[in-house]
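Undergrad: Fold the following for me, if possible:
(3 chains)
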Amino acid sequence: MHDTAASRDSVSLALAGSGGAGVMTAGNLLLEAAALAGYCAIMTRTSGPQIRGGEAAAMLRIATFPTDGQDDRVDVLAAIDWQNVQRFAAELPLAAGSVILGDPEQGQVPEVFARSGAQQAQVPLRKLAKGIADGWPNMVALGVLAGLVGLPAEALERALRRSMKKKGLEAGLAAAKLGMAQAAGLPSYALRPAQPRAGQWLVTGNEAAGYGALHAGVRFVAAYPITPATELLEWLPPAIVKVGGAMVQAEDELASINMILGASYGGVPSLTATSGPGLALMTESIGLGVAAEIPIVVVDVMRTGPSTGIATKAEQADLNIALYGMHGDAPHVVLAPNSLADCANATAWAVQIAESLQVPAIVLSDQYFGQARGVVEAPVLPQTIFPRNRATGSDTYKRYAITESGVSPMAIPGTRGTTYTADGLEHNERGLPSSQAADHLAQVEKRARKLAQFDPGEDWATVEGEGDTAILTFGSCTGPAREALARARADGAQARLVSVRLLSPAQPERLKRALQGVKRVLVVEQNHGGQFLRYLRADCELQCETHSLRRPGPLPFRPAEILAALGRLRRRAA
Amino acid sequence: MNAPLQAAPLTAKEFKSDYKPVWCPGCGDYSVLAAVTKALANLALRPENVAVVSGIGCSSRIPAYTSCYGFHGVHGRSLPAATGLKVARPDLTVLVASGDGDGYSIGGNHFLHACRRNIDLTYIVMDNHVYGMTKGQPSPTTEPDWSSKLAPGGTGLREFHPLVIALASGANFIARAFSGDPNGTAALIEQAVRHPGFSFVEVLSPCVTFRPEQRAWKERARPAPVGPTDDPARAARRLMTDDGFNIGVLYQGKRAPYGVPVAAKHAAPESLAAGFALKEVGA
Amino acid sequence: MTRKRPQPKGAYADFMARAYAMELEAVERYAQFAEQLDSHNNRDVAEMFRKLSKVEALHAKRILEEMGWPSVPALPVAFAWETPEAPETAPFESLHYLMQPWHALEIALQCEVQAQRYFEEIAAGKAPKQVREAAAEMAEEEREHVKLIRDWMKKVPKPPADWDRDPDPPRMSE
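TA: Coordinates of the predicted model:
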């Protein structure tokens, strides 16, 4: 299908080049211009292993409808130069309808892209830039791309004025204008016009998670730098100080998890953020949070594993360690945001649950959400900060009193008459060490009861649509799954989407209701072993025909793959 | 007159809980417990304003034996837990209790960084040169030729020198105490608490079960011949050359304790969303 | 709540406050020893330390009565013993979980001897007369205790050479 002028609802662009070419700067400006013009947009990035000077690509999707997933293919691949860009071939799928824009000075389009059948066009980026004092090729490329997708020149100018320093602004504006003029002679990928909307955010998932945490009352953060969670840690220091909190950079993850346990024991809601290797180091101490009933939140921005894996790419393979990584019976909370904006809601919710149940909560974000920058509807967060169940002075204070709900009042240091020792050793109701079978049983049951009795309401999952076929997924697979279902519906097929946000405690009854009348489910997840599928089988007793669509990272699912899998399911059923 | 009644300082006994220690009779840690409670009484503190944080091991059992707020965490991580607590709650007096295994082996890295960070904590390490809770294995401070089941004939490894490490890493107060002198130990702990920043008190605390020969430490421990210095170079020479039995304050630095940036006025979290909003600059 | 503590004034009151502190520390230490041995299932010796604690408590009480102090006196400023602890306080390291009553008495004997010497030195020193007289009186009392404990030791069995033998190895607890 060939798009006519201004008929598109979505376009995917990639701008590649070597370090120093400024592809990320141009990508960010394009994202802002799209946002200011009223489009939804998301930008992800890929780069070589070099810290400076390596090949890189900014990948944008701009759409008239809300989405934070990737489309099936890249419509426009523009390169400032082609050095090693072929390494990104798998991440930049092209097709016959795509166009490849190159600078004739930079030589041939690499074979791996050329053989896609995409149309090729040339724009002398460098030469054009040279014609402007202080002109840069990336700014010319920015103008070309903005022109190709039909962004209003005024939106592009506003984006540049908003983000560029005074020095270079005039040259940037001139270069962008020149680039935009070049677009006229190129194939059009123009989007339907959009109306600027109020209440939109331009944010990364990592920033959104940090915001959600502070909004929900987190006032202490300790963390150790790790890709791809670092942006969250870098966003926090000025922000947490503004709201009256404090942050410490720890010497390692063993330290950061114990720092937040100490701070939360002191009565201050606390959080750390990490990725798989850090989570692995933290698990022993998360168990301490379970045993001593200290609320903490750990945001795991998942990357490809095991070991160091691919630090800059997403995978949903930390589900097992998040759910089952701890020794002993260690009931705790595991949540997964299912959109970029949901990184804020899910993290805020994690803080609330942790504080109300006095339990550790793990938030499974991933590199895709964490490092993608997107235009999103500003999330609506709960206005009240959940108050921890605090103890007041008493002569007979029992920190770990057996209660019906399993939650017992927690004394905060400084309170007279309620001193106790928070202990990772098994203990009795008073908190004194005990190796008695009866105390162990009572405390194990108490800790399990807190979670078993927790009522998550409707927030446990996002449930959409009708029909006897359902996609069951979580996290960043939700966007492409939703888009696949929308296409299926457009073809007249009905199907449901169940995207689980609360993974632990598992909600088998709610899942059963959500799947009422469903005959077939397709479980979609981004890992090799089918961790989500196994979890569903073990903890949720799926009672319908179950199919699995899974593959490891780092490539994100694209809607067409999921749609094809749904099609296979239907054909088998027919 | 509405002036609040001034409560008399509590006695050392009032800083003890009614929970009884599991330590072997004769253990130096009993004496350290007595010294800690005495120091807290002398400092005229109240148990609810003191937190005692520990890891795992014989020494780390101390928190529950006090009437203070206690935190008995995982092995080796007492310093990070105490760091988080003190940063989040600077109003509390935070003591950290550890041993040579918990503090110098599994928790060694945190020791370095706690010294560097110089947060206002008092770190009391009960050093008996052996792992007691796991039945007598060599620790980082064990003599190289001390034979045990796990290291028959000895480890052959040179001993870790905690005081020198503390100095090199930036600790602001370094003292050595001996459990055979509970009053002296109490006085050193008291000084350590009063000294701003990270204060390190290494207490020689014999293990009568696995190292009964340490009863002879009594004959070797003696007051340090000279008073504390504030010159790290001099302190380094003294610490490198002493035989490990000089008791007293050995270094007293002047480094300002770690300060976390604090906002004069707290903003509402919603105000942070301004950074994400799609508004023009100046609009 | 306030608690009034008598502030000793003058050399005699200081001396008596010190003597009181000495007795009180001994009371507390023996009580702690009793608890330690209770926790280690050595009931006989725990009982012996409880008795010793009571004896010292009587002494302490007598000082309070003599001075007419309603409660624990504050200690003189810059108060310190010349020994690591008060002369009558048994060191923590003197215990053993398998110790026998005879050992407890041996510890007590050493403490009483030290206390006796402490008072004798003051009595023979340059303190004011009232203090020297009181110290002499207390030294005499301690001498009696030394004799009492020596007699007591004759009545309890002397431990065999292998009293600290334990056929089982120590246990691991964590």
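
Undergrad: contacts, neighbours, all on C-alpha from now
TA: Fine.

Undergrad: Give the rounded mean pLDDT of stretch A:230-245.
TA: Predicted confidence along stretch A:230-245 averages 95 (mean pLDDT).

Undergrad: got the contact list for that stretch?
TA: A:206-207, A:209-210, A:214, A:218-220, A:223, A:225, A:246-247, A:273-274, A:370-371, B:88, B:261-263, B:265-269, B:272 (Cα atoms under 8 Å, 6 or more residues apart in numbering or on different chains).

Undergrad: Now intersect these with the strands, please.
TA: Among the contacts of stretch A:230-245, the members found in strands (DSSP state E) are A:220, A:223, A:246, A:247, A:273, A:274.

Undergrad: which two from those residues end up farthest apart in space?
TA: A:246 and A:274 (17.7 Å; Cα to Cα).

Undergrad: Skipping adjacent residues, who's closest to residue 73 in space?
TA: Just going to use chain A. Excluding the flanking residues, the one nearest residue A:73 by Cα to Cα, 6 or more residues apart in numbering or on different chains is residue A:93, at 5.1 Å.

Undergrad: my question was about chain B
TA: Nearest non-adjacent residue to residue B:73 (Cα to Cα, 6+ apart): residue B:55, at 4.9 Å.

Undergrad: For the one you found, which residues are in contact?
TA: Residues counted as contacts of residue B:55 (Cα under 8 Å, 6+ apart) are B:72, B:73, B:74, B:75, B:76, B:77, B:78, B:97, B:98, B:102.

Undergrad: Looking at these, state which has the most neighbours.
TA: residue B:78 (32 neighbours; other Cα atoms under 10 Å in any protein chain shown).

Undergrad: What about that one? Give its phi and psi, please.
TA: Here the main-chain torsion angles of residue B:78 (degrees, to the nearest 10) amount to phi -70, psi -40.

Undergrad: Pull up the gap between it and chain C, please.
TA: Using Cα to the nearest Cα, to the nearest Å, we find residue B:78 at a distance of 16 Å from chain C.

Undergrad: what sits against residue 133?
TA: Went with chain A since none was named. Here residue A:133 is in contact with residue A:171 (criterion: Cα under 8 Å, 6+ apart).

Undergrad: my question was about chain C
TA: Per Cα under 8 Å, 6+ apart, neighbours of residue C:133: residue C:123.

Undergrad: Buried residues, the helix or strand hosting it. List them.
TA: Element membership for residue C:133, per DSSP states H and E: helix C:129-155. By neighbour count on 16 or more other Cα atoms under 10 Å in any protein chain shown, the buried set for helix C:129-155 is C:131-136, C:138-139, C:141-143, C:145-146, C:149, C:153.

Undergrad: And it, how far out from the chain middle?
TA: Centroid separation for helix C:129-155 versus its chain: 12 Å, with Cα atoms, centre = their mean, to the nearest Å.

Undergrad: average model confidence for it?
TA: pLDDT averaged over helix C:129-155 gives 95.

Undergrad: among the contacts of stretch A:230-245, which ones are buried?
TA: A:206-207, A:209-210, A:214, A:218-220, A:223, A:225, A:246-247, A:273-274, A:370-371, B:88, B:269, B:272.

Undergrad: How about chain C: which residue is closest to chain B?
TA: residue C:93 (3.7 Å; Cα to the nearest Cα).

Undergrad: Could you pull up the contacting residues of the closest residue to residue A:476 other than its chain neighbours?
TA: Distance criterion Cα to Cα, 6+ apart; nearest residue to residue A:476, sequence neighbours excluded, is residue A:338 at 5.7 Å. Counting by Cα under 8 Å, 6+ apart, residue A:338 touches A:474, A:475, A:476, A:477, A:478, A:479, A:499, A:500, A:501.

Undergrad: Doesn't residue A:298 belong to a strand?
TA: Yes: per DSSP: H, G, I helix; E, B strand; the rest coil, residue A:298 lies within a strand segment.

Undergrad: gap between it and residue A:536?
TA: Residue A:298 is 23 Å from residue A:536, where distance means Cα to Cα, to the nearest Å.

Undergrad: and if you look at residue A:154?
TA: 50 Å.

Undergrad: higher neighbour count, the two?
TA: Counted by other Cα under 10 Å, residue A:154 and residue A:536 do not tie: residue A:536 has more neighbours, with 19 against 12.

Undergrad: quick one: low-confidence parts of the chain?
TA: Assuming you mean chain A. A:1-5, A:393-395 (pLDDT under 70).

Undergrad: Chain C is the one I meant
TA: In chain C (pLDDT under 70), the answer is C:1-4, C:76-79.

Undergrad: Now do the contacts for the residue nearest in space to the middle of it.
TA: Centroid-nearest residue in chain C: residue C:26, 3.0 Å away (criterion: Cα atoms, centre = their mean). For residue C:26, the contacting residues are C:53, C:56, C:88, C:89, C:90, by Cα under 8 Å, 6+ apart.

Undergrad: doesn't residue C:24 make contact with the second one?
TA: Yes: counting by Cα atoms under 8 Å, residue C:56 touches residue C:24, with 7.3 Å between them.

Undergrad: what comes up buried for stretch B:32-46?
TA: Counting neighbours by 16+ other Cα under 10 Å, stretch B:32-46 gives B:32-43, B:46 as buried.

Undergrad: So which residues make contact with it?
TA: So stretch B:32-46 is contacted by B:9-13, B:15-16, B:62, B:65-66, B:68, B:126, B:179, B:182-183, B:185-187, B:189-190, B:203, B:205 (Cα under 8 Å, 6+ apart).

Undergrad: can you tell me how far residue B:16 sits from residue B:97?
TA: From residue B:16 to residue B:97 the distance is 15 Å (Cα to Cα).

Undergrad: and the residue nearest to the centre of chain C, that's in a strand?
TA: No: under three-state DSSP, residue C:26 falls outside any strand and is assigned helix.

Undergrad: how close does it get to chain A?
TA: In terms of Cα to the nearest Cα, residue C:26 sits 28 Å off from chain A.
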